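let's see this in three dimensions:
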Amino acid sequence: MRILTCLTQDHDILLVMLAALMCLAGSYVSAKLFRRTLKDKSDSRFYWCFLAAVTAGAAIWATHFIAMLGYQPNVPVTFAGNLTIVSALIAIAGTAIGLVVAMHRNRFIAAGCGGGTIGLAIAAMHYVGMFAYRVDGVVSWSPGYVIASIAIAILASAMVIDQIRTGTGRHVIARAVGFLTVAIVGLHFTGMAAFAVAPVEGLSSGADSAAFTALAISIALAALLILGAGISTHLLENRAQIDSQARLQHIALHDELTEIVNRRGFSKALGAECTRLQRYGRPFALLMVDLDRFKSINDTFGHPVGDEVLRRVAGRLRSAVRSGDLLARLGGDEFAVIAYGLDTLQDAERLARRIVEVIERPFIVTGHIAEIGASVGVVLAPTEASRPEKLIRKADVALYTAKKEGKGQYCIYRAELGEALERRRLIEADLRRACMRDEFNVVYQPVIDAVSGNVTGAEALLRWSCEGRGEVSPSEFIPIAEELGLVTRMGAGVLKQACRDAVGWPSDISISVNISPIQLLDPKLPQTVLQALEESGLSSDRLELEITETALIGNDEIAMKVLSGIRDLGVRISLDDFGTGYSSLSYLHRFPISRLKIDRSFVRQLPTDQGSASIIRAISQLGKSLNLKITAEGIETQDQLAFVSSHGCDNLQGFLISHPIRSDLFLDLVLSETRKEAV
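Numbers count the residues shown, from 1 in each chain. Below you'll find the model as predicted:
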């Protein structure tokens, strides 16, 4: 009750309101700076401690002094300047010490000792200030109110520190401001309730209220300047920190070379968009872009040109995608696009086609012309998937399909693509296992003489019967083996097995073995052939190796060296699939080739297709003029057999003659013909 009467009857209410406003403003700024000090774990926390102590001390002292100026004891009043200054220093120093203690890891030491020190500093500042308050009258004190005022300051200050250190939620600062206000105002007015003045008769009463009001306003303005400096420093530092964090985040989420989003930024954006898709149902498309022939740019012109090409690719992609779409570089020559709101197959195809078109245009960089292309895989969400990892996997499946179809293409994901890729993945695993266990078989397709019809040789063909899968076509598993790097080992196995089987056949029967383009680039191939011949005991003139025209393209020097080594062993070389795609007469002149094999695609259309007939006649005449043997493969009808026999082909093979058969059956076939001739 005494506190309320002291507040309402013994004070100038306007100055009390000014002190209250100063207290609220000071408490808010102090709470902000306290929090900044206690949350900082670097050495700069001591700088913030100093700033917080000066700001809080000034606010506490100004609140106290303005409220004291509002006190009306009805007796003359003066102030002791030295004690007034000391009281301000006590507020600043005590707050600083309290904040340092409040940095302790232990919650109770921080709040109890640190907050308690700040509370004691507020109390010490108040009572030293009261000693500086000189009145011409008889002063008396009420010890109970004094003790209560100190207890309020200590407890409320401890709550301030505890709230700032451990408080959660949006209103932490508001609660801290409330407790600090209670500490300052509660101590002051409880302490003033303990203070009583009895006037002395004969002395003039009252103080110069106008002067006190002017002084209070001046103190308030000075304190506000200090508070403004403190909060401004805090805000500027926060702004700089926010800007720095924004720059760091930009660096972390963007590619340094192209200045577009990087893989991390792409992953975050895709995850966020999938979340929005699940919440709001907004569809989108994911496009994976892979540059074709980019490695040759780095190899030919150097990495600086390659980097510039990547920057320009990013620029072209920006112009190709729609405004608002996200463009990212995932690394190397891989890019990705998140096309927001795109939900139709036609729109997806249009965007993918535009990307392919803009990238395939030549780049002119420092006088160099760089020509690349782009393959694009597209998946629609949520049509095909709605989770990031599934979308990426399916887009990669579509991209793989696009590159497999010849590059410079785009492909929209379909369920059957995933099924095909899953089958491929399983075949890869089975193929590795089969290669380790040597589970392949070699069969032989007979080759006959076009004139006599006698068997003159056989072509060795690889077959694979996979457990649980059955027969797997060579056209399916051999390309996979080439990509996995297994074809060299498999080819060597076929070569050795064919030589071992052929050595048991009649000496006039030859054996031909296919050599893959990868094998042809292996400098050890002549040594492998020699080892197969020596281990089996087969005469080298009975072995013929079949190569394709595509194996020679771009690898002339290596191929020439390997083929020359094979020829020196006495092994013959034939050119398989002649007439398809890249036929060049220079091959026949430069390389040690002794036979041409006419591709089955021409034989299949005989004798009705005049173009195929003309090609076969031309190849036959070419072979005779160059003293090369000619074999026609893929013969399935009597008409085809009659045509190629009558147009200069030396040897024939195909299903009409015989399907590929086991070695023992082939030997039976040869021996049965021998017996017929003997009869």
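
what helix or strand is residue 191 on?
Assigned by DSSP states H and E, residue 191 belongs to helix 187-193.

mind giving me the packing neighbours of that helix?
Packing partners of helix 187-193 (3 or more CB pairs under 8 Å, 6 or more residues apart in numbering; DSSP states H and E): helix 2-9, helix 45-69, helix 116-132, helix 143-166. All C-beta spots, glycine's among them, are computed from the backbone N, C-alpha and C.

show me the residue at the heart of this protein, geometrically.
Nearest residue to the geometric centre of the chain (CA atoms, centre = their mean): residue 263, 2.7 Å.

what packs against the host helix or strand of residue 427?
Using DSSP H and E, residue 427 maps to helix 415-437. Applying 3+ CB pairs under 8 Å, 6+ apart, one finds that helix 415-437 contacts helix 388-404, strand 455-466, helix 474-484.

what's in contact with it?
Outside of helix 415-437, the residues within contact range by CB atoms under 8 Å, 6 or more residues apart in numbering are 384, 394, 397-398, 400-401, 411, 439-440, 464, 466-467, 469, 472, 476-477, 480-481, 484, 486, 489-490.

after that helix comes which helix or strand?
Counting by DSSP H and E, the next helix or strand C-terminal to helix 415-437 is strand 440-449.

what are the buried residues along that following strand?
Using 16 or more other CB atoms under 10 Å as the burial criterion, the residues of strand 440-449 that qualify are 440, 442-448.

and what of stretch 332-348?
Buried residues in stretch 332-348, defined by neighbour count with 16+ other CB under 10 Å: 333-340, 342, 348.

what's the answer for stretch 638-646, then?
640-641, 643-645.

then that stretch to CSV, C-alphas only?
The C-alpha trace of stretch 638-646 is given here as CSV (Å, rounded to 0.1, in the frame of the first residue of the first chain):
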residue,chain,number,x,y,z
GLN,A,638,16.4,-71.6,-102.0
ASP,A,639,16.0,-68.6,-104.1
GLN,A,640,18.5,-66.7,-102.0
LEU,A,641,20.9,-69.6,-102.2
ALA,A,642,20.6,-69.8,-106.0
PHE,A,643,21.1,-66.1,-106.5
VAL,A,644,24.3,-65.8,-104.4
SER,A,645,25.7,-69.0,-105.8
SER,A,646,25.2,-67.8,-109.4
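
now it: average pLDDT?
Average pLDDT, stretch 638-646: 91.

got the contact list for it?
Outside stretch 638-646, the residues that touch it by CB under 8 Å, 6+ apart are 450-451, 598, 603-604, 606-607, 613, 616, 632, 635, 652, 654, 656-657.

7 Å instead, please
Here stretch 638-646 makes contact (CB atoms under 7 Å, 6 or more residues apart in numbering) with 450, 603, 606-607, 616, 632, 635, 652, 656.

now residue 654: phi and psi?
With angles defined as degrees, to the nearest 10, residue 654 sits at phi 160, psi 170.

what pLDDT does the model give it?
Confidence at residue 654, expressed as pLDDT, is 93.

count of neighbours near the closest residue in space to residue 92 that isn't next to it in sequence?
The shortest distance from residue 92 to any non-neighbouring residue, by CB to CB, 6 or more residues apart in numbering, is to residue 57 (3.2 Å). Neighbour count of residue 57, defined by other CB atoms under 10 Å: 28.

before we move on, what about residue 528?
Using other CB under 10 Å, residue 528 has 18 neighbouring residues.

going forward, the N-terminal residue is numbered 138.
New numbering, starting at 138: the last item is residue 665.

okay, and it sits in which element?
Using DSSP H and E, residue 665 falls within helix 662-673.

I'd like the next helix or strand past the helix or strand of the chain with the lowest mean pLDDT.
Every helix and strand in the chain was compared by mean pLDDT, DSSP states H and E; the lowest is helix 346-390, with a mean of 59. Using DSSP H and E, the helix or strand that follows helix 346-390 in sequence is helix 400-417.

tell me how far the helix or strand following that following helix is from the chain's mean position?
Following helix 400-417 in sequence order, the next helix or strand is strand 421-429 (DSSP H and E). Distance of strand 421-429 from the chain centroid (CA atoms, centre = their mean, to the nearest Å) equals 14 Å.

next, the angle helix 525-541 makes with strand 421-429.
Interaxial angle of strand 421-429 relative to helix 525-541 (axes from the mean of the first three to the mean of the last three CA atoms, to 10 degrees): 40 degrees.

quick one: closest of the helices and strands packed on helix 552-574 to residue 731.
Nearest to residue 731 among the helices and strands packed on helix 552-574 is strand 592-603; the distance by CB to CB comes to 13.0 Å.

what residues sit buried inside the helix or strand just after that closest one?
Downstream of strand 592-603, the next assigned helix or strand under DSSP H and E is strand 607-609. Buried residues in strand 607-609, defined by neighbour count with 16+ other CB under 10 Å: residue 609.

cool, and stretch 403-411?
Here stretch 403-411 shows 403-404, 406-407, 410-411 as buried, counting by 16+ other CB under 10 Å.

do the same with stretch 586-603
Buried residues in stretch 586-603, counting neighbours by 16+ other CB under 10 Å, are found at 587, 592-599, 601, 603.

now swap in stretch 494-507 and tell me
For stretch 494-507, the neighbour count (16+ other CB under 10 Å) marks 495-496, 500, 502, 507 as buried.

which of those residues fall in helices?
Taking DSSP state H as the definition of helices, the buried residues of stretch 494-507 contribute 495-496.

out of the buried residues of stretch 494-507, which two sit at the greatest distance?
Within the buried residues of stretch 494-507, 495 and 502 form the most distant pair, 16.0 Å apart (CB to CB).

on contacts alone, who are the packing partners of whichever helix or strand residue 245 is part of?
If you go by DSSP H and E, residue 245 is part of helix 244-245. Secondary structure elements in contact with helix 244-245, counted by 3 or more CB pairs under 7 Å, 6 or more residues apart in numbering; DSSP states H and E, are helix 280-303.

now do the helix it packs on against helix 182-206, angle only.
150 degrees.

taking helix 253-269 as reference, get the angle to helix 280-303.
Using the same axes, to 10 degrees: helix 280-303 against helix 253-269 is 140 degrees.
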